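Asker: build me a model from this:
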Amino acid sequence: MKRIFSLLSLLAACVCLLPGCGKKPDNRLVVGMELAYPPFEKTDEHGNPAGVSVDLARALGQFLGRPVEIQNTRFDGLIPSLQTHKIDLIISSMTVTPERSKAMAFSDPYLKTGLCLLVGKNSAIQSINDADQTGNVLVVKLGTTGQIYADGHVKKAQVRVLDKADACVLEVIEGKAGAFLYDQISTYANWQRNPATTRAILQPFQEESWAVGLRQDDTALRDQVNAFLRDFKQRGGFDQLGDRWLKDQKEAFRKLGYPFYF
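Answerer: Have a look, this model is predicted:
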C-alpha cells in the first residue's frame with residue numbers, strides 16, 4: 001500500500017511539472033476600446049495602443065494590481081463584447097445614455113463634453129435648428145451619441161449613418177452633407193485639420209458625460225473603478241492627462257469660452 005501511495009504521489013508531482021500547473025488564475029484586466037479616436041484612443045507610430053484612454057486604463061490596472069490588455073474593438077461591438085465576457089470593461093470615450101444603461105452599467109463620470117456641429121466653411125448653418133431643415137443632409141458615425149440624438153430629435157433633415165468619422169468629415173468637406181454631429185473635442189480637431197473647407201460650431205446643443213462601461217452584475221469591479229477615479233482625480237492624474245494629450249485643445253476652449261474639463 002505504501003508503495004502504491006508513493007507511486008501516486010510521484011505521479012502527482014510529475015503532473016505539477018506540466019505547463020500551467022500551480023500558476024495563479026489569469027488576472028488580466030481586458031479593456032475594450034476602439035483605437036480610432038485620437039488623442040483619446042489611437043495607435044502610435046509602432047502600432048501600439050496610445051492616448052488618454054490607454055493611459056487611464058493602465059493607471060487603473062496599476063491601482064488594481066492587474067496587468068492590462070487593450071483589445072481594439074469596433075465601437076458598435078464594444079457592448080456586445082462586454083456582455084459576452086470578451087472584455088472586462090470599456091474605456092472608449094463612451095457617453096452615458098439611458099439607452100446604453102439598459103444594457104450595461106457605468107462608473108461615475110470622468111469627463112464632460114457635448115455634441116456640436118462641423119459644417120462647411122461657407123455654410124449658413126449656425127445651430128442644430130438650422131441644420132435640421134428639409135433638404136439638408138446630416139451625417140453621424142455609427143453607434144455614437146450623434147446617431148442616438150439624430151434618431152430621437154432630427155425631424156426634417158435626412159440623416160446618413162457612416163462607419164467612420166473620417167468619412168463623415170469628408171461628406172462635409174465635399175458639400176454632400178450640411179453638418180456632422182459629433183463631440184466637441186473631435187469637432188475642434190477636425191476643423192483644425194481642415195480650416196479651409198470647414199467651420200466648427202463648438203457651442204454644445206447637448207451636454208454629455210463619459211464613463212467606464214461595465215457589466216451590470218459586476219458591482220465589485222464597478223466599486224473598484226469608482227475608487228480609482230476618485231483617487232486618480234485627487235492625485236492630479238486627470239490634469240496630467242490633459243496636459244500631455246490635450247494641452248492645445250484645453251487652451252483653445254478656454255479662449256473660446258467653452259468648458260472643457262475632466
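Asker: residue contacts, the residue nearest to Ser209 when sequence neighbours are not counted?
Answerer: Residue nearest to Ser209 in three dimensions, not counting chain neighbours: Pro109, with 3.6 Å by C-beta to C-beta, 6 or more residues apart in numbering. Using the backbone N, CA and C atoms, a C-beta is placed for each residue, glycine as well. Listed by C-beta atoms under 8 Å, 6 or more residues apart in numbering, the contact set of Pro109 reads 96, 209-211.
Asker: can you show me the helices along the stretch 101-250 of the chain?
Answerer: 128-131, 145-153, 165-173, 184-193, 219-234, 237-245, 247-256 (DSSP state H, counting those that start in this stretch).
Asker: first vs last residue of stretch 37-45, how far apart are they?
Answerer: End-to-end distance of stretch 37-45 (C-alpha to C-alpha, to the nearest Å): 15 Å.
Asker: now do the buried residues in it.
Answerer: For stretch 37-45, burial by neighbour count (16 or more other C-beta atoms under 10 Å) applies to 37, 39-43.
Asker: okay if I get the residues you listed as a markdown table plus secondary structure, pLDDT and distance to Gly61?
Answerer: Below are the buried residues of stretch 37-45 laid out as a markdown table (DSSP: H, G, I helix; E, B strand; the rest coil; pLDDT from 0 to 100; distance: C-beta to C-beta, whole Å):
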| residue | secondary structure | pLDDT | distance to Gly61 |
| --- | --- | --- | --- |
| Tyr37 | strand | 89 | 20 |
| Pro39 | coil | 90 | 20 |
| Phe40 | coil | 94 | 17 |
| Glu41 | strand | 96 | 16 |
| Lys42 | strand | 96 | 19 |
| Thr43 | strand | 97 | 19 |
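Asker: for Thr198, state which of these is nearest.
Answerer: Set against Thr198, the nearest of the buried residues of stretch 37-45 by C-beta to C-beta is Tyr37 (18.1 Å).
Asker: can you verify my assumption that that closest one contacts Asp166?
Answerer: No. Contact between Tyr37 and Asp166 fails when scored by C-beta atoms under 8 Å: they sit 10.9 Å apart.
Asker: can you give me the neighbour number for the spatially closest residue to Ala200 that is not a sequence neighbour?
Answerer: Among residues not flanking Ala200 along the chain, Trp191 sits closest, at 3.7 Å (C-beta to C-beta, 6+ apart). Neighbour count of Trp191, defined by other C-beta atoms under 10 Å: 19.
Asker: can you give me the pLDDT of Trp191?
Answerer: pLDDT recorded at Trp191 is 95.
Asker: residue contacts, it?
Answerer: Trp191 touches 118, 198-200, counting by C-beta under 8 Å, 6+ apart.
Asker: of these, which belong to strands?
Answerer: Mapping the contacts of Trp191 onto strands (DSSP state E) picks out 118, 198-200.
Asker: quick one: those as TSV, columns for neighbour count too.
Answerer: Listed next are the ones in strands among the contacts of Trp191 as TSV, based on neighbours: other C-beta atoms under 10 Å:
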residue	neighbour count
Leu118	29
Thr198	20
Arg199	18
Ala200	22
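Asker: that older thread, which one of the buried residues of stretch 37-45 sits closest to Lys233?
Answerer: Phe40 (17.3 Å).
Asker: relative to Val52, how far out is the closest one?
Answerer: 5 Å (C-beta to C-beta, to the nearest Å).
Asker: excluding covalently adjacent residues, which one is nearest to Arg160?
Answerer: Val139 (4.9 Å).
Asker: quick revisit: what touches both of Phe40 and Val52?
Answerer: In contact with both Phe40 and Val52: Trp245, using C-beta under 8 Å, 6+ apart.
Asker: please name the nearest non-neighbouring residue to Ala252.
Answerer: Leaving out its chain neighbours, the residue that sits closest to Ala252 by C-beta to C-beta, 6+ apart is Tyr188, at 6.5 Å.
Asker: does that neighbour touch Arg199 like I think?
Answerer: No. Taking contacts as C-beta under 8 Å, Tyr188 lies outside contact range of Arg199: 11.3 Å.
Asker: can you list the domains in this structure?
Answerer: Split into domains by automatic domain parsing, the chain comes to 29-110+211-256, 113-208.
Asker: show the end-to-end separation of the last one, please.
Answerer: Looking back up the chat, that one is domain 113-208. OK, domain 113-208 end separation, C-alpha to C-alpha: 5 Å.
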